[in-house]
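A.B. asks: this is the structure alone, sequence omitted:
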Ligand code: NAD
Ligand code: WQD
């Protein structure tokens, strides 16, 4: 496998998962071209990717929905494959702003695919989500489970997956990896890159980290009466570096094998909200005050992956446990309490 002369387009590469994946790509010898409009990230993330990797990245501060700008990106670089992270991802906001979510998440996908088609690039990795399983009838969840969506964000991922299935059916020369992520958390071990949510975090781990560092007074645990071992929600937290490595495994499989794949990227372990709080307290040495409040509308009791298909199809399995996720997330949070600095 010759990675050294391959160039990978990473849309949304300044974001949480894209930045960690870019570090892994550079470390493996790929050249990386990032497209990001910084709607939910900062350019400083790209400088830090370069610092960790000791290599430069080609950065284009453009909107992936803009076909002219994307054409110029492909003019400037010999792109072999794309990993498409760029999307809006806040579930609650997607209910308030469905048109913005459908337009951004689907236009960006279609523009990237169209530009690739015109330029002869045929290898594509897509960021999907466990949200496509809706409210699963059982756990662990495998890829054959029925798909459904309960909000416009999830629906945008379902439609995107359908677009990709139709594309592969019509044009078998495409190689597409559809990766369904469970709950990515943690940060790079350097503490230089991590998740930097705007405003008050919606997701559990960034919220817990901000309580630990003293930015937020207490966590509200949404629901203590689920049908789970301790009554709180159970999730498959996966270290973002494991997730990033899953993308490298997917790219290798697409380049080496003659077929497309759809797989879960999770650990296969379900941890409760209370387990996560205890693990973060141990990692940070700080108390996490919390109170149990009503369930959050739309939440499900339990969600964790059967990760066997990813091992079978990609030769990938998650390596890091919950403790390491918390240790790394704490290092990022405690050394960057306000996230990335804004531009001077
Ligand atoms: P993120 O918001 O940190 O990263 C997304 C990046 O895309 C940001 O840097 C943002 O500025 C950029 N972006 C958005 N729209 C763009 C556009 N039109 N043009 C150019 N750049 C654009 O989110 P993340 O957590 O890194 O998520 C990456 C992908 O993974 C998304 O597609 C998301 O839906 C998916 N996903 C995330 C999770 C999660 O919990 N974080 C779970 C499952 C799936
Ligand atoms: C985890 C658990 C909450 C915050 C979401 C999206 C999903 C995917 C990943 C993109 C649940 C509880 C949370 C808080 C809490 N994203 N919680 N207090 O809901 O599993 O998944 O992110 O694709 O589509 O829906 O993640 O981190 O929000 O919640 O008690 O302040 O933590 O109720 O049980 P979720 P989460």
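C.D. replies: Nice, thanks for sending it over. All of these numbers come straight from a predicted model, not from anything done at the bench. Ligands and ions are numbered 1, 2, ... in the order given.
A.B. asks: use CA for all of it now, contacts and neighbours both
C.D. replies: Will do.
A.B. asks: show me where this structure has its helices.
C.D. replies: Assigned by DSSP state H, the chain shows helices spanning 16-27, 44-53, 67-76, 91-96, 98-102, 108-119, 152-170, 204-212, 240-256, 273-284, 308-314, 322-335.
A.B. asks: of those helices, which is nearest residue 219?
C.D. replies: helix 204-212 (6.5 Å; C-alpha to C-alpha).
A.B. asks: is any residue of that closest one near ligand 1?
C.D. replies: No - using C-alpha under 6 Å from any ligand atom, helix 204-212 never reaches ligand 1; the gap is at least 9.9 Å.
A.B. asks: quick one: name the residues of the stretch 1-150 of the chain near ligand 1.
C.D. replies: So the stretch 1-150 of the chain meets ligand 1 at 11-18, 35-41, 62-65, 85-89, 104, 108, 127-129 (C-alpha under 6 Å from any ligand atom).
A.B. asks: near ligand 2 too, which of these?
C.D. replies: Within those, those near ligand 2 by C-alpha under 6 Å from any ligand atom are 89, 129.
A.B. asks: residues making contact with stretch 325-334?
C.D. replies: Stretch 325-334 is contacted by residues 185-194, 209-210, 213, 238-239, 279-280, 283-284, 339 when judged by C-alpha atoms under 8 Å, 6 or more residues apart in numbering.
A.B. asks: in strands, which of those residues appear?
C.D. replies: 185, 238, 239 (DSSP state E).
A.B. asks: with distance to ligand 2, pLDDT and neighbour count added, can I get those in a markdown table?
C.D. replies: Listed next are those as a markdown table, based on distance: C-alpha to the nearest ligand atom, whole Å; pLDDT from 0 to 100; neighbours: other C-alpha atoms under 10 Å:
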| residue | distance to ligand 2 | pLDDT | neighbour count |
| --- | --- | --- | --- |
| 185 | 9 | 98 | 26 |
| 238 | 11 | 99 | 25 |
| 239 | 13 | 98 | 26 |
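A.B. asks: distance to residue 224 added to these, as CSV?
C.D. replies: Formatted as CSV, the ones in strands among the contacts of stretch 325-334 follow (distance: C-alpha to C-alpha, whole Å):
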residue, distance to residue 224
185, 22
238, 23
239, 25
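A.B. asks: now the buried members of the residues of the stretch 1-150 of the chain next to ligand 1.
C.D. replies: 11-18, 35-38, 40-41, 62-65, 85-89, 104, 108, 127-129 (16 or more other C-alpha atoms under 10 Å).
A.B. asks: any buried residues in stretch 322-336, and which?
C.D. replies: Here stretch 322-336 shows 322-334, 336 as buried, counting by 16+ other C-alpha under 10 Å.
A.B. asks: please flag which of the residues of the stretch 1-150 of the chain next to ligand 1 sit within strands.
C.D. replies: Filtering those for strands - DSSP E - leaves 11, 35, 127, 128, 129.
A.B. asks: could I get those as a markdown table with pLDDT?
C.D. replies: Below are these laid out as a markdown table (pLDDT from 0 to 100):
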| residue | pLDDT |
| --- | --- |
| 11 | 99 |
| 35 | 99 |
| 127 | 98 |
| 128 | 99 |
| 129 | 98 |
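A.B. asks: quick check, nearest of those residues to ligand 1?
C.D. replies: Nearest to ligand 1 among those is residue 129, at 3.9 Å by C-alpha to the nearest ligand atom.
A.B. asks: what pairs with that closest one across the strands?
C.D. replies: residue 181 (DSSP bridges).
A.B. asks: look up how far residue 110 lies from it.
C.D. replies: Separation of residue 129 from residue 110 (C-alpha to C-alpha, to the nearest Å): 18 Å.
A.B. asks: close to ligand 1: what parts of the stretch 151-300 of the chain are there?
C.D. replies: So far as C-alpha under 6 Å from any ligand atom goes, the stretch 151-300 of the chain lies against ligand 1 at 181, 182, 183, 184.
A.B. asks: can you select the buried ones among those for me in ChimeraX?
C.D. replies: In ChimeraX, this line selects whichever of those come out buried by 16+ other C-alpha under 10 Å:
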select :181,182,183,184
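A.B. asks: which of the residues of the stretch 151-300 of the chain next to ligand 1 come close to ligand 2?
C.D. replies: Of these, the ones that also sit near ligand 2 (C-alpha under 6 Å from any ligand atom) are residue 183.
A.B. asks: which one among the residues of the stretch 151-300 of the chain next to ligand 1 gets closest to ligand 2?
C.D. replies: Distances from ligand 2 to those, taken by C-alpha to the nearest ligand atom, are shortest for residue 183, at 4.9 Å.
A.B. asks: so who does that closest one touch?
C.D. replies: Residue 183 touches 235, 236, 237, 238, 266, counting by C-alpha under 8 Å, 6+ apart.
A.B. asks: neighbours around the first one, how many?
C.D. replies: Residue crowding around residue 235 was assessed by other C-alpha atoms under 10 Å; the count is 22.
A.B. asks: doesn't residue 267 make contact with it?
C.D. replies: No - taking contacts as C-alpha atoms under 8 Å, residue 235 lies outside contact range of residue 267: 10.1 Å.
A.B. asks: overlap in contacts of those two?
C.D. replies: By C-alpha under 8 Å, 6+ apart, the residues touching both residue 235 and residue 267 are residue 304.
A.B. asks: what count of nearby residues applies to residue 47?
C.D. replies: Neighbours of residue 47 using other C-alpha under 10 Å come to 16.
A.B. asks: measure stretch 84-99 end to end?
C.D. replies: First-to-last distance for stretch 84-99 - C-alpha to C-alpha - comes to 20 Å.
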